[in-house]
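Chemist: A structural model of the following input is requested.
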Amino acid sequence: MAQQTDALVIGAGLAGLVTAIELADAGRSVRILEQEGENSIGGQAHWSLGGLFLVDTPEQRRMGIADSAELAWQDWLGSAGFDRPEDHWPRRTAEAFVEFAAGGMREWLHGLGMRWFPVVGWAERGGGAADGHGNSVPRFHITWGTGPGALAPFLQRLQAHVDAGLIQVHCRHRVDRLVTAGGRVAGVAGAVLAPSRVERGERSSRDEVDVFEYAAEAVVIASGGIGGDHDKVRANWPVERLGPPPAHMLSGVPHHVDGRMLDIAAGDAGAAIINADRMWHYTEGVANWSPIWPAHGIRIIPGPSSLWLDATGRRLPAPCLPGFDTLTTLREILATGHDYSWFVLDQSIIEKEFALSGSEQNPDMTSQSWRQVLRSRLSRGAPPPVEAFKTHGADFVVAENVAELAAGMNRVAGNPLIDAAALEVTITARDRQMTNAFAKDAQITAIHGARRYRGDRLFRVARPHRLLDPAHGPLIAVRLHILTRKTLGGLHTDIDGRLLDGRGEAIPGLYGVGEAAGFGGGGYHGYNALEGTFLGGCLFSGRRAGRHAAGQL
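Modeler: A predicted model of the protein is given here:
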(Lines give C-alpha, C1' and ligand atoms only; values in the text may rest on other atoms or scores of the structure.)
Protein backbone atom coordinates (compact mmCIF):
# COMPACT_ATOMS: atom_id res chain seq x y z
CA MET A 1 0.00 0.00 0.00
CA ALA A 2 1.33 3.44 -0.96
CA GLN A 3 2.64 5.58 1.88
CA GLN A 4 0.51 8.71 2.38
CA THR A 5 1.69 12.31 2.71
CA ASP A 6 -0.02 15.65 2.23
CA ALA A 7 2.04 16.71 -0.79
CA LEU A 8 4.66 15.34 -3.15
CA VAL A 9 7.14 17.62 -4.91
CA ILE A 10 8.96 16.17 -7.93
CA GLY A 11 12.32 17.90 -8.24
CA ALA A 12 14.58 19.53 -5.65
CA GLY A 13 15.49 22.65 -7.61
CA LEU A 14 14.72 26.14 -6.38
CA ALA A 15 11.06 26.09 -7.44
CA GLY A 16 10.51 22.71 -5.79
CA LEU A 17 12.23 23.79 -2.58
CA VAL A 18 10.19 26.97 -2.31
CA THR A 19 6.95 25.03 -2.91
CA ALA A 20 7.82 22.42 -0.30
CA ILE A 21 8.83 25.04 2.25
CA GLU A 22 5.61 27.00 1.79
CA LEU A 23 3.61 23.81 2.32
CA ALA A 24 5.61 22.90 5.42
CA ASP A 25 5.34 26.45 6.76
CA ALA A 26 1.58 25.87 6.72
CA GLY A 27 2.00 22.64 8.69
CA ARG A 28 1.61 20.21 5.77
CA SER A 29 3.74 17.08 5.37
CA VAL A 30 5.84 16.93 2.21
CA ARG A 31 8.03 14.43 0.39
CA ILE A 32 10.53 15.79 -2.14
CA LEU A 33 11.49 13.26 -4.83
CA GLU A 34 14.77 13.94 -6.68
CA GLN A 35 16.30 11.54 -9.22
CA GLU A 36 19.85 12.83 -8.73
CA GLY A 37 22.00 12.55 -5.60
CA GLU A 38 21.92 14.69 -2.47
CA ASN A 39 24.59 16.98 -3.89
CA SER A 40 22.14 18.03 -6.62
CA ILE A 41 19.65 19.63 -4.24
CA GLY A 42 19.12 23.17 -5.47
CA GLY A 43 19.14 22.17 -9.13
CA GLN A 44 20.16 24.72 -11.76
CA ALA A 45 19.98 27.61 -9.29
CA HIS A 46 23.24 26.36 -7.76
CA TRP A 47 25.06 26.93 -11.06
CA SER A 48 23.53 30.33 -11.70
CA LEU A 49 24.97 33.79 -11.27
CA GLY A 50 22.11 34.46 -8.88
CA GLY A 51 20.66 37.35 -10.86
CA LEU A 52 17.16 38.56 -10.00
CA PHE A 53 14.85 40.89 -11.90
CA LEU A 54 13.79 43.46 -9.30
CA VAL A 55 12.13 46.82 -9.88
CA ASP A 56 12.51 50.20 -8.13
CA THR A 57 14.88 48.95 -5.45
CA PRO A 58 17.22 50.75 -3.05
CA GLU A 59 20.12 49.28 -5.05
CA GLN A 60 18.80 50.91 -8.23
CA ARG A 61 18.13 54.25 -6.58
CA ARG A 62 21.63 54.36 -5.10
CA MET A 63 22.99 53.91 -8.63
CA GLY A 64 20.85 56.78 -9.95
CA ILE A 65 18.35 54.50 -11.75
CA ALA A 66 14.72 55.60 -11.92
CA ASP A 67 12.54 52.54 -12.40
CA SER A 68 8.85 51.76 -11.93
CA ALA A 69 6.35 48.94 -12.23
CA GLU A 70 4.81 50.73 -15.21
CA LEU A 71 8.13 50.90 -17.08
CA ALA A 72 8.94 47.28 -16.23
CA TRP A 73 5.54 46.10 -17.47
CA GLN A 74 5.99 48.08 -20.69
CA ASP A 75 9.37 46.38 -21.19
CA TRP A 76 7.87 42.97 -20.38
CA LEU A 77 5.02 43.33 -22.86
CA GLY A 78 7.36 44.61 -25.56
CA SER A 79 9.58 41.58 -25.04
CA ALA A 80 6.92 38.92 -24.51
CA GLY A 81 4.84 39.68 -27.60
CA PHE A 82 1.90 37.65 -26.28
CA ASP A 83 -0.17 36.76 -29.36
CA ARG A 84 -1.81 33.37 -28.78
CA PRO A 85 -5.16 32.40 -27.21
CA GLU A 86 -3.30 30.20 -24.71
CA ASP A 87 -1.31 33.25 -23.53
CA HIS A 88 -4.11 34.24 -21.13
CA TRP A 89 -2.55 32.64 -18.06
CA PRO A 90 1.06 33.37 -19.05
CA ARG A 91 0.15 37.05 -19.37
CA ARG A 92 -1.78 37.09 -16.09
CA THR A 93 1.16 35.40 -14.36
CA ALA A 94 3.65 37.84 -15.89
CA GLU A 95 1.64 40.83 -14.72
CA ALA A 96 1.46 39.44 -11.18
CA PHE A 97 5.19 38.71 -11.22
CA VAL A 98 6.11 42.24 -12.30
CA GLU A 99 3.91 43.61 -9.50
CA PHE A 100 5.70 41.27 -7.08
CA ALA A 101 9.14 42.24 -8.41
CA ALA A 102 8.23 45.91 -7.87
CA GLY A 103 6.54 45.24 -4.55
CA GLY A 104 7.01 42.53 -1.94
CA MET A 105 9.65 40.34 -3.53
CA ARG A 106 12.72 42.16 -2.28
CA GLU A 107 11.30 42.60 1.22
CA TRP A 108 10.44 38.88 1.41
CA LEU A 109 13.90 37.80 0.26
CA HIS A 110 15.71 40.39 2.38
CA GLY A 111 13.79 39.12 5.38
CA LEU A 112 15.12 35.64 4.64
CA GLY A 113 18.67 37.00 4.72
CA MET A 114 19.37 37.48 1.00
CA ARG A 115 21.59 40.39 -0.05
CA TRP A 116 22.71 41.77 -3.41
CA PHE A 117 25.81 43.20 -5.03
CA PRO A 118 25.40 47.00 -4.94
CA VAL A 119 26.03 47.51 -8.68
CA VAL A 120 22.88 46.59 -10.62
CA GLY A 121 23.59 44.94 -13.97
CA TRP A 122 22.06 46.02 -17.27
CA ALA A 123 21.23 42.77 -19.06
CA GLU A 124 19.41 42.21 -22.36
CA ARG A 125 19.25 45.86 -23.44
CA GLY A 126 17.01 45.18 -26.40
CA GLY A 127 16.46 46.09 -30.00
CA GLY A 128 16.22 49.86 -29.89
CA ALA A 129 12.47 50.60 -29.65
CA ALA A 130 10.99 52.19 -26.53
CA ASP A 131 8.07 49.76 -26.55
CA GLY A 132 10.02 46.81 -27.94
CA HIS A 133 12.18 44.09 -26.46
CA GLY A 134 14.69 44.78 -23.72
CA ASN A 135 15.31 46.37 -20.35
CA SER A 136 15.05 50.16 -20.43
CA VAL A 137 17.17 50.38 -17.27
CA PRO A 138 19.50 48.11 -15.26
CA ARG A 139 17.45 45.58 -13.23
CA PHE A 140 19.76 42.57 -12.86
CA HIS A 141 20.45 42.23 -9.12
CA ILE A 142 23.26 39.74 -8.50
CA THR A 143 22.77 37.88 -5.24
CA TRP A 144 25.69 38.16 -2.86
CA GLY A 145 27.03 34.60 -2.99
CA THR A 146 25.64 34.04 -6.53
CA GLY A 147 23.48 30.92 -6.98
CA PRO A 148 24.50 29.27 -3.71
CA GLY A 149 23.69 32.55 -1.96
CA ALA A 150 20.23 32.58 -3.52
CA LEU A 151 19.66 29.01 -2.35
CA ALA A 152 21.07 29.41 1.16
CA PRO A 153 17.99 30.77 2.96
CA PHE A 154 15.78 28.09 1.44
CA LEU A 155 18.22 25.30 2.25
CA GLN A 156 18.22 26.54 5.85
CA ARG A 157 14.41 26.49 5.97
CA LEU A 158 14.42 23.06 4.32
CA GLN A 159 16.72 21.66 6.98
CA ALA A 160 14.57 23.12 9.75
CA HIS A 161 11.50 21.39 8.32
CA VAL A 162 13.42 18.13 7.83
CA ASP A 163 14.51 18.27 11.47
CA ALA A 164 10.89 18.92 12.51
CA GLY A 165 9.68 15.94 10.49
CA LEU A 166 7.50 17.92 8.09
CA ILE A 167 9.68 17.40 4.99
CA GLN A 168 11.35 14.21 3.83
CA VAL A 169 13.83 14.33 0.95
CA HIS A 170 14.21 11.18 -1.15
CA CYS A 171 17.12 11.40 -3.57
CA ARG A 172 17.71 8.90 -6.37
CA HIS A 173 13.92 8.52 -6.65
CA ARG A 174 12.86 8.78 -10.30
CA VAL A 175 9.16 9.30 -10.88
CA ASP A 176 7.90 7.20 -13.81
CA ARG A 177 4.15 7.47 -13.41
CA LEU A 178 1.43 9.70 -12.01
CA VAL A 179 -1.23 7.72 -10.14
CA THR A 180 -4.84 8.82 -10.67
CA ALA A 181 -7.90 7.86 -8.64
CA GLY A 182 -11.38 9.28 -8.29
CA GLY A 183 -10.85 11.84 -11.05
CA ARG A 184 -7.72 13.36 -9.51
CA VAL A 185 -3.98 12.84 -9.35
CA ALA A 186 -3.50 10.90 -6.13
CA GLY A 187 0.18 10.02 -6.08
CA VAL A 188 3.25 8.86 -7.99
CA ALA A 189 5.19 5.67 -8.66
CA GLY A 190 8.70 5.11 -9.88
CA ALA A 191 12.11 3.54 -9.47
CA VAL A 192 14.73 3.90 -6.78
CA LEU A 193 18.06 4.34 -8.56
CA ALA A 194 21.38 2.99 -7.34
CA PRO A 195 23.31 5.35 -5.05
CA SER A 196 25.49 7.78 -6.98
CA ARG A 197 28.90 9.14 -6.04
CA VAL A 198 29.39 11.39 -9.06
CA GLU A 199 29.97 15.09 -8.57
CA ARG A 200 27.12 17.56 -8.91
CA GLY A 201 26.23 17.91 -12.58
CA GLU A 202 28.11 14.81 -13.76
CA ARG A 203 26.21 12.08 -15.60
CA SER A 204 24.77 9.63 -13.06
CA SER A 205 23.67 6.04 -13.61
CA ARG A 206 20.09 4.92 -14.23
CA ASP A 207 20.52 1.51 -12.60
CA GLU A 208 17.31 0.56 -10.76
CA VAL A 209 17.48 -1.14 -7.36
CA ASP A 210 13.90 -0.85 -6.07
CA VAL A 211 10.47 0.65 -6.74
CA PHE A 212 8.30 3.06 -4.76
CA GLU A 213 4.78 4.44 -4.67
CA TYR A 214 3.53 7.39 -2.62
CA ALA A 215 0.03 8.80 -2.24
CA ALA A 216 -0.75 12.47 -1.66
CA GLU A 217 -3.50 15.06 -1.88
CA ALA A 218 -1.29 17.33 -4.00
CA VAL A 219 1.47 16.51 -6.49
CA VAL A 220 3.78 19.29 -7.70
CA ILE A 221 5.94 18.92 -10.82
CA ALA A 222 9.14 20.95 -10.42
CA SER A 223 11.41 18.93 -12.67
CA GLY A 224 12.85 21.59 -15.02
CA GLY A 225 12.97 21.96 -18.78
CA ILE A 226 14.51 20.26 -21.83
CA GLY A 227 17.85 22.03 -22.36
CA GLY A 228 19.97 18.95 -21.63
CA ASP A 229 18.34 16.92 -24.43
CA HIS A 230 19.48 18.38 -27.75
CA ASP A 231 17.22 16.08 -29.76
CA LYS A 232 14.20 17.37 -27.88
CA VAL A 233 15.39 20.96 -28.31
CA ARG A 234 15.66 20.43 -32.06
CA ALA A 235 12.26 18.71 -32.21
CA ASN A 236 10.62 21.81 -30.71
CA TRP A 237 12.80 24.36 -32.53
CA PRO A 238 10.80 27.25 -34.11
CA VAL A 239 12.21 26.97 -37.62
CA GLU A 240 9.87 29.59 -39.09
CA ARG A 241 10.97 32.13 -36.48
CA LEU A 242 14.65 31.38 -35.84
CA GLY A 243 15.70 29.37 -38.86
CA PRO A 244 16.95 25.76 -38.87
CA PRO A 245 18.25 24.37 -35.56
CA PRO A 246 22.03 24.30 -35.15
CA ALA A 247 23.83 21.11 -36.06
CA HIS A 248 26.17 21.70 -33.11
CA MET A 249 25.23 23.12 -29.71
CA LEU A 250 26.77 23.28 -26.27
CA SER A 251 24.77 22.52 -23.13
CA GLY A 252 24.25 25.14 -20.47
CA VAL A 253 22.56 22.58 -18.21
CA PRO A 254 23.36 18.99 -17.16
CA HIS A 255 22.15 15.95 -19.08
CA HIS A 256 19.30 15.14 -16.69
CA VAL A 257 17.45 18.35 -17.62
CA ASP A 258 15.52 16.36 -20.21
CA GLY A 259 11.84 17.27 -19.82
CA ARG A 260 10.66 13.69 -19.25
CA MET A 261 8.19 14.71 -16.52
CA LEU A 262 6.40 17.00 -18.98
CA ASP A 263 5.64 14.00 -21.17
CA ILE A 264 4.59 11.92 -18.16
CA ALA A 265 2.20 14.63 -16.96
CA ALA A 266 0.69 14.92 -20.43
CA GLY A 267 0.35 11.16 -20.87
CA ASP A 268 -0.86 10.14 -17.41
CA ALA A 269 -2.94 13.15 -16.38
CA GLY A 270 -3.85 14.86 -19.65
CA ALA A 271 -1.85 17.98 -18.77
CA ALA A 272 -1.51 20.48 -21.59
CA ILE A 273 1.91 21.59 -22.81
CA ILE A 274 1.87 25.02 -24.45
CA ASN A 275 4.43 27.27 -26.14
CA ALA A 276 6.89 24.41 -26.56
CA ASP A 277 8.47 26.32 -29.46
CA ARG A 278 9.42 29.23 -27.22
CA MET A 279 12.93 28.76 -25.89
CA TRP A 280 15.93 30.74 -24.73
CA HIS A 281 19.37 29.79 -25.97
CA TYR A 282 22.46 31.97 -25.77
CA THR A 283 24.72 32.91 -28.66
CA GLU A 284 27.90 33.51 -26.62
CA GLY A 285 28.75 29.97 -25.51
CA VAL A 286 32.32 28.68 -25.24
CA ALA A 287 33.39 25.10 -24.59
CA ASN A 288 34.29 24.59 -20.95
CA TRP A 289 37.97 23.67 -20.81
CA SER A 290 37.20 21.72 -17.61
CA PRO A 291 33.77 20.21 -18.36
CA ILE A 292 31.41 18.70 -15.80
CA TRP A 293 28.51 17.48 -17.93
CA PRO A 294 28.40 16.39 -21.60
CA ALA A 295 29.01 19.21 -24.13
CA HIS A 296 29.40 21.57 -21.17
CA GLY A 297 29.40 25.19 -22.28
CA ILE A 298 29.80 28.47 -20.41
CA ARG A 299 28.19 31.71 -21.47
CA ILE A 300 30.26 34.86 -21.82
CA ILE A 301 28.31 37.79 -20.37
CA PRO A 302 29.81 40.55 -22.49
CA GLY A 303 30.07 44.29 -22.23
CA PRO A 304 29.17 46.21 -25.39
CA SER A 305 32.62 46.77 -26.98
CA SER A 306 33.58 43.48 -28.69
CA LEU A 307 33.26 43.43 -32.47
CA TRP A 308 30.73 40.69 -33.36
CA LEU A 309 31.35 38.85 -36.63
CA ASP A 310 29.59 35.92 -38.26
CA ALA A 311 31.48 32.79 -39.27
CA THR A 312 32.61 34.40 -42.53
CA GLY A 313 33.95 37.56 -40.88
CA ARG A 314 30.98 39.80 -41.72
CA ARG A 315 30.07 42.22 -38.96
CA LEU A 316 26.63 41.57 -37.46
CA PRO A 317 24.18 44.47 -37.81
CA ALA A 318 22.46 46.28 -34.93
CA PRO A 319 20.69 45.29 -32.73
CA CYS A 320 22.97 42.25 -32.83
CA LEU A 321 25.36 43.85 -30.35
CA PRO A 322 26.91 42.15 -27.31
CA GLY A 323 24.34 42.04 -24.51
CA PHE A 324 21.43 43.56 -26.45
CA ASP A 325 19.05 41.18 -28.23
CA THR A 326 19.67 37.46 -27.81
CA LEU A 327 17.09 35.91 -30.13
CA THR A 328 17.50 38.43 -32.94
CA THR A 329 21.22 37.67 -32.85
CA LEU A 330 20.52 33.94 -32.81
CA ARG A 331 18.36 34.28 -35.91
CA GLU A 332 21.01 36.39 -37.66
CA ILE A 333 23.74 33.85 -36.94
CA LEU A 334 21.72 30.86 -38.13
CA ALA A 335 20.74 32.69 -41.33
CA THR A 336 24.39 32.47 -42.41
CA GLY A 337 24.20 28.69 -42.64
CA HIS A 338 26.74 28.35 -39.83
CA ASP A 339 26.14 27.68 -36.13
CA TYR A 340 28.90 29.82 -34.64
CA SER A 341 30.14 33.41 -34.66
CA TRP A 342 33.14 35.41 -33.39
CA PHE A 343 33.97 38.14 -30.92
CA VAL A 344 37.03 40.21 -31.85
CA LEU A 345 38.44 42.32 -29.02
CA ASP A 346 41.65 43.14 -27.18
CA GLN A 347 43.19 42.76 -23.74
CA SER A 348 41.70 46.00 -22.40
CA ILE A 349 38.19 44.85 -23.33
CA ILE A 350 38.53 41.34 -21.96
CA GLU A 351 39.84 42.72 -18.66
CA LYS A 352 36.93 45.10 -18.15
CA GLU A 353 34.02 43.57 -20.02
CA PHE A 354 34.18 39.78 -19.95
CA ALA A 355 32.27 37.96 -17.25
CA LEU A 356 31.40 34.28 -17.29
CA SER A 357 27.99 33.05 -16.26
CA GLY A 358 27.72 30.73 -13.29
CA SER A 359 28.60 30.48 -9.63
CA GLU A 360 31.70 28.35 -10.28
CA GLN A 361 33.06 30.94 -12.74
CA ASN A 362 32.73 33.76 -10.21
CA PRO A 363 34.47 32.43 -7.10
CA ASP A 364 35.03 35.91 -5.70
CA MET A 365 31.33 36.78 -5.54
CA THR A 366 30.33 33.23 -4.66
CA SER A 367 32.69 33.36 -1.66
CA GLN A 368 31.02 36.59 -0.45
CA SER A 369 34.45 38.14 0.08
CA TRP A 370 34.70 41.85 -0.72
CA ARG A 371 38.48 41.59 -0.68
CA GLN A 372 38.38 38.91 -3.39
CA VAL A 373 35.83 40.85 -5.46
CA LEU A 374 37.91 44.03 -5.45
CA ARG A 375 41.13 42.16 -6.18
CA SER A 376 39.52 40.23 -9.04
CA ARG A 377 37.51 43.03 -10.64
CA LEU A 378 39.71 46.10 -10.20
CA SER A 379 43.28 44.82 -10.37
CA ARG A 380 45.29 44.44 -13.57
CA GLY A 381 44.33 41.56 -15.81
CA ALA A 382 41.00 39.88 -16.40
CA PRO A 383 39.32 37.97 -13.55
CA PRO A 384 41.20 34.66 -13.05
CA PRO A 385 38.43 32.43 -14.51
CA VAL A 386 38.41 34.57 -17.68
CA GLU A 387 42.20 34.43 -17.95
CA ALA A 388 42.00 30.64 -17.52
CA PHE A 389 39.64 30.39 -20.48
CA LYS A 390 41.88 32.68 -22.52
CA THR A 391 44.82 30.38 -21.77
CA HIS A 392 43.18 26.96 -21.93
CA GLY A 393 39.92 27.43 -23.84
CA ALA A 394 39.74 25.80 -27.26
CA ASP A 395 37.71 28.72 -28.64
CA PHE A 396 40.19 31.50 -27.80
CA VAL A 397 42.79 32.98 -30.16
CA VAL A 398 45.42 35.50 -29.00
CA ALA A 399 47.59 37.31 -31.56
CA GLU A 400 49.80 40.36 -31.99
CA ASN A 401 48.39 41.43 -35.36
CA VAL A 402 45.38 40.92 -37.63
CA ALA A 403 47.11 38.42 -39.94
CA GLU A 404 47.99 36.18 -37.00
CA LEU A 405 44.50 36.58 -35.59
CA ALA A 406 42.81 35.56 -38.86
CA ALA A 407 45.10 32.54 -39.18
CA GLY A 408 44.26 31.49 -35.63
CA MET A 409 40.52 31.89 -36.24
CA ASN A 410 40.72 29.68 -39.31
CA ARG A 411 42.74 27.12 -37.41
CA VAL A 412 40.17 26.97 -34.58
CA ALA A 413 37.21 26.78 -36.97
CA GLY A 414 38.91 24.27 -39.25
CA ASN A 415 38.13 26.27 -42.40
CA PRO A 416 39.53 29.26 -44.34
CA LEU A 417 36.49 31.55 -44.04
CA ILE A 418 38.26 34.50 -42.40
CA ASP A 419 40.17 36.68 -44.85
CA ALA A 420 42.88 38.68 -43.06
CA ALA A 421 42.69 41.71 -45.38
CA ALA A 422 38.89 41.92 -45.10
CA LEU A 423 39.09 41.54 -41.33
CA GLU A 424 41.57 44.42 -41.10
CA VAL A 425 39.25 46.63 -43.20
CA THR A 426 36.33 45.85 -40.84
CA ILE A 427 38.36 46.60 -37.71
CA THR A 428 39.84 49.79 -39.19
CA ALA A 429 36.39 51.10 -40.16
CA ARG A 430 35.24 50.54 -36.60
CA ASP A 431 38.37 52.20 -35.18
CA ARG A 432 37.85 55.37 -37.21
CA GLN A 433 34.58 55.89 -35.34
CA MET A 434 36.63 56.31 -32.15
CA THR A 435 38.10 59.67 -33.18
CA ASN A 436 35.26 61.63 -31.54
CA ALA A 437 33.00 61.27 -28.53
CA PHE A 438 30.13 60.76 -30.99
CA ALA A 439 29.69 58.53 -34.04
CA LYS A 440 27.20 57.19 -36.56
CA ASP A 441 28.12 53.59 -35.74
CA ALA A 442 25.31 52.06 -33.62
CA GLN A 443 27.71 50.04 -31.49
CA ILE A 444 29.98 52.99 -30.73
CA THR A 445 26.93 55.07 -29.81
CA ALA A 446 25.83 52.24 -27.51
CA ILE A 447 29.25 52.15 -25.84
CA HIS A 448 29.14 55.87 -25.10
CA GLY A 449 25.57 55.49 -23.83
CA ALA A 450 26.50 52.59 -21.56
CA ARG A 451 29.31 54.59 -19.95
CA ARG A 452 26.78 57.21 -18.87
CA TYR A 453 25.57 54.63 -16.33
CA ARG A 454 27.91 54.71 -13.34
CA GLY A 455 27.79 50.94 -12.80
CA ASP A 456 28.86 50.18 -16.36
CA ARG A 457 31.60 52.80 -16.34
CA LEU A 458 33.06 51.40 -13.12
CA PHE A 459 32.79 47.67 -13.74
CA ARG A 460 31.56 46.71 -17.21
CA VAL A 461 32.54 48.99 -20.08
CA ALA A 462 36.09 49.68 -21.20
CA ARG A 463 37.20 53.19 -22.04
CA PRO A 464 36.55 53.67 -25.79
CA HIS A 465 39.67 53.02 -27.84
CA ARG A 466 40.93 51.63 -31.14
CA LEU A 467 41.29 47.86 -31.35
CA LEU A 468 44.46 48.29 -33.40
CA ASP A 469 46.11 50.50 -30.78
CA PRO A 470 49.10 48.41 -29.57
CA ALA A 471 48.73 49.86 -26.08
CA HIS A 472 45.53 47.81 -25.66
CA GLY A 473 46.83 44.55 -27.17
CA PRO A 474 47.12 41.74 -27.77
CA LEU A 475 44.19 41.11 -30.10
CA ILE A 476 41.80 38.33 -29.11
CA ALA A 477 39.18 36.35 -31.02
CA VAL A 478 36.64 34.05 -29.38
CA ARG A 479 34.56 31.50 -31.27
CA LEU A 480 31.00 31.57 -29.93
CA HIS A 481 28.68 28.56 -30.00
CA ILE A 482 24.92 28.28 -29.51
CA LEU A 483 24.37 27.33 -25.87
CA THR A 484 21.13 25.62 -24.82
CA ARG A 485 19.62 26.98 -21.64
CA LYS A 486 15.96 27.61 -20.82
CA THR A 487 12.53 26.32 -21.81
CA LEU A 488 10.19 29.31 -22.07
CA GLY A 489 7.06 27.20 -22.61
CA GLY A 490 5.90 24.21 -20.62
CA LEU A 491 3.03 22.78 -18.63
CA HIS A 492 -0.04 25.03 -18.80
CA THR A 493 -0.99 26.36 -15.37
CA ASP A 494 -3.14 29.07 -13.88
CA ILE A 495 -1.63 31.84 -11.76
CA ASP A 496 -1.57 29.55 -8.69
CA GLY A 497 0.27 26.75 -10.45
CA ARG A 498 -2.69 24.38 -10.93
CA LEU A 499 -2.06 22.28 -14.02
CA LEU A 500 -4.64 22.64 -16.78
CA ASP A 501 -5.85 20.08 -19.29
CA GLY A 502 -6.46 20.59 -23.00
CA ARG A 503 -9.80 22.31 -22.28
CA GLY A 504 -8.16 24.76 -19.89
CA GLU A 505 -9.67 23.17 -16.79
CA ALA A 506 -7.68 22.51 -13.62
CA ILE A 507 -6.56 18.92 -13.03
CA PRO A 508 -7.44 18.16 -9.38
CA GLY A 509 -4.41 17.51 -7.20
CA LEU A 510 -1.75 18.48 -9.76
CA TYR A 511 0.51 21.56 -9.85
CA GLY A 512 3.45 22.74 -11.95
CA VAL A 513 6.17 25.24 -11.01
CA GLY A 514 9.45 26.63 -12.26
CA GLU A 515 10.85 25.84 -15.68
CA ALA A 516 8.56 22.82 -16.05
CA ALA A 517 5.69 25.33 -16.20
CA GLY A 518 7.50 27.87 -18.36
CA PHE A 519 8.39 29.63 -15.07
CA GLY A 520 4.67 30.22 -14.55
CA GLY A 521 1.47 29.94 -16.54
CA GLY A 522 3.07 27.77 -19.21
CA GLY A 523 5.37 30.52 -20.45
CA TYR A 524 5.18 33.87 -18.65
CA HIS A 525 8.14 35.21 -20.65
CA GLY A 526 6.32 35.00 -23.97
CA TYR A 527 8.92 34.98 -26.74
CA ASN A 528 11.81 36.75 -24.94
CA ALA A 529 13.38 36.81 -21.50
CA LEU A 530 14.58 39.95 -19.72
CA GLU A 531 17.13 38.08 -17.54
CA GLY A 532 16.87 37.61 -13.79
CA THR A 533 13.41 36.26 -14.53
CA PHE A 534 14.38 32.58 -14.41
CA LEU A 535 15.25 32.46 -10.71
CA GLY A 536 12.50 35.02 -10.15
CA GLY A 537 9.96 32.80 -11.89
CA CYS A 538 11.01 29.81 -9.77
CA LEU A 539 10.59 31.84 -6.59
CA PHE A 540 7.27 33.34 -7.64
CA SER A 541 5.64 30.20 -9.03
CA GLY A 542 6.82 28.03 -6.13
CA ARG A 543 5.54 30.51 -3.57
CA ARG A 544 2.12 30.84 -5.23
CA ALA A 545 1.65 27.10 -5.77
CA GLY A 546 2.83 26.15 -2.28
CA ARG A 547 0.49 28.60 -0.61
CA HIS A 548 -2.46 27.66 -2.79
CA ALA A 549 -1.95 23.92 -2.33
CA ALA A 550 -1.57 24.35 1.44
CA GLY A 551 -4.91 26.16 1.51
CA GLN A 552 -6.62 23.28 -0.30
CA LEU A 553 -5.36 20.50 1.99
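Chemist: Next, work out how far apart residue 271 and residue 207 are.
Modeler: Going from residue 271 to residue 207 by CB to CB, to the nearest Å gives 29 Å. (Glycine included, C-beta is placed from N, CA and C.)
Chemist: neighbour-wise, which of the two wins?
Modeler: Taking residue 271 and residue 207 together and counting by other CB atoms under 10 Å, residue 271 has the greater number of neighbours (28 against 11).
Chemist: Not counting sequence-adjacent ones, nearest residue to that one?
Modeler: residue 265 (4.0 Å; CB to CB, 6 or more residues apart in numbering).
Chemist: Show the average pLDDT along the one helix or strand that neighbour maps to.
Modeler: Taking DSSP states H and E as the criterion, residue 265 maps to helix 260-269. The pLDDT scores in helix 260-269 average 98.
Chemist: now for the helix or strand just after that helix, which elements pack on it?
Modeler: With elements assigned by DSSP H and E, the helix or strand that comes after helix 260-269 is strand 273-274. For strand 273-274, the elements it packs on are strand 490-491, judged by 3 or more CB pairs under 8 Å, 6 or more residues apart in numbering; DSSP states H and E.
Chemist: swap the cut-off to 6 Å and go again
Modeler: With contacts defined as 3 or more CB pairs under 6 Å, 6 or more residues apart in numbering; DSSP states H and E, strand 273-274 has no helix or strand neighbours.
Chemist: list the contacts for residue 30?
Modeler: Going by CB atoms under 6 Å, 6 or more residues apart in numbering, residue 30 touches 7, 20, 23, 24, 167.
Chemist: re the thing from before, count the neighbours of the residue nearest to residue 271 for me.
Modeler: 28.
Chemist: And for residue 156?
Modeler: Neighbours of residue 156 (other CB under 10 Å): 13.
Chemist: Do a quick rundown of the strands in the stretch 151-300 of the chain.
Modeler: 167-171, 173-181, 184-193, 208-221, 250-251, 273-274, 279-287, 297-301 (DSSP state E, counting those that start in this stretch).
Chemist: which helices and strands does the fourth one pack with?
Modeler: By that I understand strand 208-221. By 3+ CB pairs under 6 Å, 6+ apart, strand 208-221 packs against strand 3-10, strand 184-193, strand 506-512.
Chemist: now do 8 Å
Modeler: For strand 208-221, the packing partners by 3+ CB pairs under 8 Å, 6+ apart come out as strand 3-10, helix 14-25, strand 30-34, strand 173-181, strand 184-193, helix 260-269, strand 506-512, helix 533-552.
Chemist: And the first one, by the same measure?
Modeler: With contacts defined as 3+ CB pairs under 8 Å, 6+ apart, the packing partners of strand 167-171 are helix 14-25, strand 30-34, helix 146-164.
Chemist: Show me which parts of stretch 495-503 are buried, residue by residue.
Modeler: 495, 496, 497, 498, 499, 500 (16 or more other CB atoms under 10 Å).
Chemist: as a whole number, average confidence for it?
Modeler: So the average pLDDT for stretch 495-503 ends up being 98.
Chemist: Between the two ends of that stretch, what distance do you get?
Modeler: 16 Å (CA to CA, to the nearest Å).
Chemist: and the lowest-mean-pLDDT helix or strand in the chain, what other elements does it pack with?
Modeler: Across the helices and strands of the chain, mean confidence by mean pLDDT, DSSP states H and E is lowest for helix 370-378: a mean of 75. Using 3+ CB pairs under 8 Å, 6+ apart as the contact test, the elements touching helix 370-378 are helix 363-366.
Chemist: now the helices for the stretch 351-500 of the chain?
Modeler: 363-366, 370-378, 384-392, 402-413, 420-432, 442-450, 454-459 (DSSP state H, counting those that start in this stretch).
Chemist: Compute the distance from the centre of the last one to the centre of its chain.
Modeler: Here helix 454-459 shows a centroid-to-chain-centroid distance of 23 Å under the convention CA atoms, centre = their mean, to the nearest Å.
Chemist: Show me the contact partners of it.
Modeler: 63, 64, 119, 120, 121, 122, 138, 303, 352, 377, 450, 451 (CB atoms under 8 Å, 6 or more residues apart in numbering).
Chemist: Next up, the contacts around the second one.
Modeler: Each residue near residue 64 by CB under 8 Å, 6+ apart is listed here: 453, 454.
Chemist: Please convert the strands of the stretch 151-300 of the chain to CSV, extending it with distance to residue 107, mean neighbour count and mean pLDDT.
Modeler: Formatted as CSV, the strands of the stretch 151-300 of the chain follow (distance: least, CB to CB, whole Å; neighbours: other CB atoms under 10 Å; pLDDT from 0 to 100):
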stretch, distance to residue 107, mean neighbour count, mean pLDDT
strand 167-171, 25, 19, 98
strand 173-181, 35, 18, 97
strand 184-193, 34, 20, 98
strand 208-221, 25, 20, 98
strand 250-251, 36, 24, 98
strand 273-274, 32, 23, 98
strand 279-287, 28, 24, 98
strand 297-301, 28, 25, 97
